[in-house]
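Student: the following comprises the amino acid sequence and a computationally predicted model.
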Amino acid sequence: MAVTESVAEGAHGGARAVHEGILRRQSARESAARTYARALPIVPVRARGLTIEGADGRRYLDCLSGAGTLALGHNHPVVLEAIRRVLESGAPLSVLDLATPVKDAFITELFRTLPPGLADRARVQFCGPAGTDAVEAAFKLVRAATGRTGMLAFTGAYHGMTSGALAASGGAGDVRVARLPYPQDYRCPFGVGGPPGAELAARWTESLLDDPKSGVPLPAGMILEPVQGEGGVIPAPDDWLRRMRQITADRSVPLIADEIQTGVGRTGAFWGVGHSGVTPDVMVLSKAIGGSLPLAVVVYRDDLDVWQPGAHAGTFRGNQLAMAAGTATLAHVRENGLAERAAALGSRMLSQLRGLQTDFPCVGDVRGRGLMIGVELVDPEGEATGPGETPSADGHHATTSGLEPTRTPRPAAPELAAAVQRECLDRGLIVELGGRHDSVVRLLPPLTISDEQAAAVLDRLADAVAAATRHQQDRGRRQSRPGGPAQGTG
């Protein structure tokens, strides 16, 4: 028995050494720009569905899913079989923009899923392998089609990491894009939330476009996310999205829907715009459409197709393995009703997570759509008021606008969110952070997650929030004691 235990301990120690060695070399050799590796110090070696196994032998439930790339989870059988068929067929793996049976099958399946009114007159452009490449292509497209240059985007947006995409994202430093308010309830820019807040956001947009002295000429296009992901998991109100469609259509401004993260069933509809019934002029697609492999496309109305040959290109736009994996993924989601499944399960998960608001005052808001879920952590002791707001004893505020009041948001708690992420990892749960101050814990599980796995995710997250809150309170008590750490000599 002792020998067996000794062997097991030795094997575990060896695995731990391999794990630590790889992380140490990564830190020494990779760019300082790396992100996920800092908050998630794991070394994945095997994965299936929701589960990842690390080099140290630990197992994790993965609710990051490649930032939403893995609609079917890791190594789904239909994806592996599609890739295997291409590999065994002897077909070329990269063909630039030449026509192939694999590509033809992908486009056919993709067009089958597009919003009504677009599929029957759509064109598709294959771009470089990342979503940001599709965003850049969409900007070039609408500028060429309209002869205009400016773009409209929204506060809190995220569209990628290349220069044009960054300029349209919420963190832009060198602003070249007109920024519009994105409606939300918890941190409404107008301090009212709900339908009144969305109405004010729409009116602001109309005023900006119609006022000859607004300083914003008629733009080449408007880009928006049906649900802001990196911005903090903020779903666009359906009525507001319909207003944006009408406003842009009335002024001949192409509407670009960024469905890179919201697409392929993620929000409970096959495409995020499906909830509102909106048909955009342009859709930028990536992540899940490649079935876990790099693929990005722009789909747009045929009357915008004014490009000259070679106006947009990319060496890796002919990735046959990604197209085969994407076809299998799109078909599996469509044929098995996984978008509807995401809507139902996501609604149950949101309902259960809202119970955390009763148990933990640090949970300021729970929101999302389908299996795109966010839990915003706040400082419950902090004061927070905005323009036109007057705090009241019941935690609500009155507004000088005369519109209905909403909850007063408390200050964001990014350190607590980071602590919750660490506690989740300790419990075998991988989550992402997002939002304006990285204070939103994000869940992006695969659409194939089971009810039992969803329950395990929620249990581990609730336990992590409890542990992080407890540790924060203990730390506060220690620091408040006379002669505590703050007064020590070290």
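Tutor: The structure has been received and is ready for your questions. Numbers count the residues shown, from 1 in each chain.
Student: chain center to stretch 285-297, what's the gap?
Tutor: 14 Å (C-alpha atoms, centre = their mean, to the nearest Å).
Student: got the contact list for Trp271?
Tutor: Counting by C-beta atoms under 8 Å, 6 or more residues apart in numbering, Trp271 touches 113-115, 226, 257, 259, 262-264, 283. Yep, even glycine has a C-beta here, placed from its N, CA and C like the rest.
Student: if you set the cut-off to 7 Å instead, what comes out?
Tutor: 115, 259, 263 (C-beta atoms under 7 Å, 6 or more residues apart in numbering).
Student: again with Val440
Tutor: Residues near Val440 by C-beta under 7 Å, 6+ apart: 232-233, 374-376, 417, 433-434.
Student: closest to His159 out of those?
Tutor: Proximity to His159 was ranked across the contacts of Val440 by C-beta to C-beta; first place goes to Gly434, at 14.3 Å.
Student: quick one, grab the pLDDT at the closest one.
Tutor: On pLDDT, Gly434 comes in at 95.
Student: I figured it was touching Gly232, is that so?
Tutor: Yes. Under the criterion of C-beta atoms under 7 Å, Gly434 makes contact with Gly232 at 5.7 Å.
Student: now the common contact residues for the two.
Tutor: Both Gly434 and Gly232 are contacted by 374, 440, under the criterion C-beta under 7 Å, 6+ apart.
Student: could you report the neighbour count for the nearest residue to Thr51 once chain neighbours are set aside?
Tutor: Excluding its sequence neighbours, the residue lying closest to Thr51 (C-beta to C-beta, 6 or more residues apart in numbering) is Arg59, at 5.9 Å. When counting by other C-beta atoms under 10 Å, one arrives at 12 neighbours for Arg59.
Student: just to check, Arg59 is in contact with Leu50?
Tutor: No. Arg59 is beyond contact range of Leu50, at 10.3 Å (criterion: C-beta under 7 Å).
Student: so where do the helices sit in the protein?
Tutor: Secondary structure of the chain (DSSP state H): helices at 2-29, 36-39, 65-68, 77-89, 101-113, 131-146, 163-167, 194-210, 238-250, 320-335, 338-353, 355-359, 414-426, 451-480.
Student: can you give me the mean pLDDT across the second one?
Tutor: Per-residue confidence for helix 36-39 averages out to 86 on the pLDDT scale.
Student: mind checking how far that helix is from the chain centre?
Tutor: 17 Å.
Student: contacting residues around it?
Tutor: In contact with helix 36-39 (C-beta under 7 Å, 6+ apart) are residues 26, 421.
Student: how about 8 Å then?
Tutor: Counting by C-beta under 8 Å, 6+ apart, 23, 26, 30, 64, 418, 421-422, 432-433 sit against helix 36-39.
Student: before we move on, the earlier item: quick one: the residue nearest to Thr51 from Glu53, how far?
Tutor: Going from Arg59 to Glu53 by C-beta to C-beta, to the nearest Å gives 5 Å.
Student: Asp302 is nearest to which of the helices of the chain?
Tutor: Closest of the helices of the chain to Asp302 is helix 131-146, at 10.9 Å (criterion: C-beta to C-beta).
Student: and that closest one, how far from the chain's centre?
Tutor: Taking C-alpha atoms, centre = their mean, one finds helix 131-146 lying 20 Å from the centre of the chain it belongs to.
Student: packing partners for that helix?
Tutor: Using 3 or more C-beta pairs under 8 Å, 6 or more residues apart in numbering; DSSP states H and E as the contact test, the elements touching helix 131-146 are helix 163-167, strand 221-224, strand 255-258, strand 282-285, strand 297-301.
Student: want to throw these into TSV with distance to Gln472 and mean pLDDT?
Tutor: TSV is the format used below for the helices and strands packed on helix 131-146 (distance: least, C-beta to C-beta, whole Å; pLDDT from 0 to 100):
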stretch	distance to Gln472	mean pLDDT
helix 163-167	34	73
strand 221-224	36	97
strand 255-258	36	98
strand 282-285	40	98
strand 297-301	45	97
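Student: Met347 and Gly368: what is the separation?
Tutor: Actually, residue 347 is Ser rather than Met. 9 Å.
Student: check Leu70 too.
Tutor: From Leu70 to Gly368 the distance is 18 Å (C-beta to C-beta).
Student: before we move on, what about Val192?
Tutor: Here Val192 is placed at a distance of 21 Å from Gly368 (C-beta to C-beta).
Student: repeat that for Gly191.
Tutor: Counting by C-beta to C-beta, the gap from Gly191 to Gly368 is 23 Å.
Student: now Thr149
Tutor: 35 Å.
Student: neighbour count winner among those two?
Tutor: Each of Thr149 and Gly368 has its neighbours counted (other C-beta under 10 Å); Gly368 has more, 25 against 12.
Student: surely that one touches Leu350?
Tutor: Yes. Using C-beta atoms under 8 Å, Gly368 makes contact with Leu350 at a distance of 5.9 Å.
Student: any chance of the contacts of Trp271 in TSV, plus pLDDT and neighbour count?
Tutor: Below are the contacts of Trp271 laid out as TSV (pLDDT from 0 to 100; neighbours: other C-beta atoms under 10 Å):
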residue	pLDDT	neighbour count
Pro115	94	20
Glu259	98	30
Gly263	97	29
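Student: now, the most widely separated pair of the contacts of Val440?
Tutor: Longest span within those, C-beta to C-beta: Val233 and Ala417, 12.7 Å.
Student: now Met222: closest residue in space, sequence neighbours ignored.
Tutor: Closest to Met222 by C-beta to C-beta, 6+ apart is Leu152, at 4.1 Å.
Student: try Ile373
Tutor: Excluding the flanking residues, the one nearest Ile373 by C-beta to C-beta, 6+ apart is Leu443, at 4.2 Å.
Student: the one you found and Lys213, how far apart?
Tutor: For Leu443, the distance to Lys213 - C-beta to C-beta - is 45 Å.
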